[in-house]
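**Q** Turn this into a structure:
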Amino acid sequence: MAALQASFCSSSFSSASSRKIKAQHFESSHLPVPRLLVNELGQRNGLLNLTASSSEIELNPKFETSKRSKLGDSISDSNLVQELYAVMEIVADRVEMHNNIKAQRDNWNGLLLNSVNGMTATAAIMAGLACVTGSGPSILSLKISSSLLYMAVTGIVLVMNKIQPSQLAEEQRNASRLFKRLHEEIKTTLALKSQITSYDVKVAMEKVLALDKAYPLPLLGTMIEKFPQIVEPAVWWPEEEPKYHHQNMSDKFERNGWNEKLEEEMKEVLGVMKGKDTAEYARLSNMVLKVNKILAFCGPLLTGSAAIGSGLIGLPGIGSWGAVLGVVVGALGSVVNTLEHGGQVGMVFEMYRSSAGFFKLMEETIESTLKEREVGDRENGELFELKVALQLGRSLPELRDLASASSLSSRFQQAKEEFASKLF
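**A** Purely as a prediction, here's the structure:
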């Protein structure tokens, strides 16, 4: 019996020593453990733990209902955070997309304008040479070449006037800026809010879709009308601006940063913006649109007349008038096209239209905030006042001075006519 015990102890000792030697040999080897294997083992352990916990939930009848609800809430909160992150990734992709298209359409404007001016200058030179050449086959070739170039210029200018490349570039520039702003808003929401709700995800998605509708990417079908009958401010926000949802303060003396003086101040600022800033930029938009319409009409008319004049050069009785049309009118057409597209009149119109939309958004935000009866459901008054002041390019004392001055009905104040914004 003692012999059997001794042999068993010796065998177990030898097997343990052999396992120890193998382990030491494995540890002494320089072969790294694959990270993928470690991750897979971790996932298996997590899956086993999750299975064990679920089996515990099913088998243990004393499992508390509160733990179940907390587990469900944590899963739903995680899903909402993931959804908001997904929206933020889409917004970042939109920013890059609009930047690329803005650069492309800006290049269109420069390349097309240079091509049109070069073709117009060549056609005018050919028409001039046809006038001094005399008669023969040379004048015929010069006349045909000049007319064809003028006709090509007329077609290109008609397309440019239809799409307005400078205005398209400005639209994409504004869209990129607004998508960047939305990206920062979502990032701030994720950083400051302890609990993301489905309302936050819904608001972010509505803003993305509103921006897509306000600044479409395709040229055909959904392109913004470049020569509208009635100029309206640009609208890039949802039809129903989302309201702020705050927890009601139990302290009645705080009032969420609002008081009667601040409400009167916002009303006075709102009146100044409606009477001065919005009206002024609407007037400027209409004025620039009229100038753009005149230039868009005169450019193709002049180059088309030059094409006809080039074809009349050398004909008896009207050859001199053909030379005038082919050379002088063609040069005037080049000047008009340069003023329209080189001066980027369409871009100026879009800039004024977007500025009017900026003030309209501020007006709607102030009005919707003041209409909210419950002070606790508004945005904090001090923060709201700070935002309004910075958006108008003013400090807080300057904003208060503007509100107090606008409430006066003196002749000096009526003659002063100060604008609310100092940015534009």
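
**Q** going forward, measure contacts and count neighbours with C-alpha atoms only.
**A** Noted.

**Q** Now do the residue positioned nearest the centre of the chain against residue 92, distance only.
**A** Computing the C-alpha centroid of the chain and ranking residues by C-alpha atoms, centre = their mean puts residue 175 first, at 2.2 Å. Separation of residue 175 from residue 92 (C-alpha to C-alpha, to the nearest Å): 12 Å.

**Q** phi, psi of residue 419?
**A** In terms of degrees, to the nearest 10, the main-chain angles of residue 419 are phi -80, psi 160.

**Q** Could you give me the buried positions within stretch 178-187?
**A** 178, 179, 180, 182, 183, 186 (16 or more other C-alpha atoms under 10 Å).

**Q** ranges for the helices of the stretch 51-200 of the chain?
**A** 65-133, 137-163, 165-192, 198-214 (DSSP state H, counting those that start in this stretch).

**Q** which parts of the second one are buried?
**A** So the one you mean is helix 137-163. 139, 142-154, 156-158, 160-161, 163.

**Q** What of the shortest one?
**A** When burial is assessed from 16+ other C-alpha under 10 Å, helix 198-214 yields the following buried residues: 200, 201, 204, 205, 206, 207, 208, 210, 211, 213, 214.

**Q** Give the other helices and strands that it contacts.
**A** Applying 3 or more C-alpha pairs under 8 Å, 6 or more residues apart in numbering; DSSP states H and E, one finds that helix 198-214 contacts helix 65-133, helix 165-192.

**Q** Out of those, which one sits most buried?
**A** When you average the neighbours per residue for each of the helices and strands packed on helix 198-214 (mean count of other C-alpha atoms under 10 Å), helix 165-192 leads with a mean of 19.

**Q** ok now it, how far from the chain's centre?
**A** 4 Å (C-alpha atoms, centre = their mean, to the nearest Å).

**Q** Over that helix, what's the mean pLDDT, rounded is fine.
**A** The pLDDT scores in helix 165-192 average 94.

**Q** repeat for stretch 306-317
**A** Mean pLDDT, stretch 306-317: 83.

**Q** tell me which residues in it are buried?
**A** Under 16+ other C-alpha under 10 Å, the buried positions of stretch 306-317 are 306, 307, 308, 309, 310, 311, 312, 313, 314.

**Q** The residue lying closest to residue 278 once chain neighbours are set aside: which element?
**A** Spatial nearest neighbour of residue 278, chain neighbours left out: residue 356 (5.4 Å); criterion: C-alpha to C-alpha, 6 or more residues apart in numbering. Assessed by DSSP states H and E, residue 356 sits inside helix 345-371.

**Q** quick revisit: is it possible to get JSON lines of the buried residues of stretch 178-187 that adds distance to residue 96?
**A** Putting the buried residues of stretch 178-187 into JSON lines (distance: C-alpha to C-alpha, whole Å) gives the following:
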{"residue": "178", "distance to residue 96": "12"}
{"residue": "179", "distance to residue 96": "10"}
{"residue": "180", "distance to residue 96": "10"}
{"residue": "182", "distance to residue 96": "14"}
{"residue": "183", "distance to residue 96": "12"}
{"residue": "186", "distance to residue 96": "17"}
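
**Q** From those residues, pick the one nearest residue 133.
**A** residue 178 (58.8 Å; C-alpha to C-alpha).

**Q** Distance of the closest one relative to residue 239?
**A** 17 Å.

**Q** what's the spacing between the helix holding residue 356 and its chain's center?
**A** 15 Å.

**Q** Ok, stretch 300-308 next?
**A** Worked out by C-alpha atoms, centre = their mean, stretch 300-308 lies 39 Å from the chain centre.

**Q** follow-up on the earlier one: out of the helices of the stretch 51-200 of the chain, which is closest to residue 322?
**A** helix 65-133 (8.8 Å).

**Q** Can you tell me which helices and strands the closest one packs against?
**A** helix 137-163, helix 165-192, helix 198-214, helix 319-323, helix 330-337.

**Q** 6 Å instead?
**A** helix 137-163, helix 165-192 (3 or more C-alpha pairs under 6 Å, 6 or more residues apart in numbering; DSSP states H and E).

**Q** Kindly calculate the angle that the longest one makes with helix 345-371.
**A** Orientation check (axes from the mean of the first three to the mean of the last three C-alpha atoms, to 10 degrees): helix 165-192 against helix 345-371 gives 30 degrees.

**Q** which residues touch residue 336?
**A** residue 299 (C-alpha atoms under 6 Å, 6 or more residues apart in numbering).

**Q** Quick check: it vs residue 147, distance?
**A** 19 Å.

**Q** Ok, residue 82 next?
**A** Separation of residue 82 from residue 147 (C-alpha to C-alpha): 62 Å.

**Q** need the helix or strand of this protein with the lowest average pLDDT.
**A** helix 35-59 (a mean of 40; mean pLDDT, DSSP states H and E).

**Q** least reliable of the helices and strands packed on helix 198-214 going by mean pLDDT?
**A** helix 65-133 (a mean of 85).

**Q** Show the contacting residues for residue 237.
**A** 207, 210.

**Q** what kind of secondary structure is it in?
**A** coil (DSSP: H, G, I helix; E, B strand; the rest coil).
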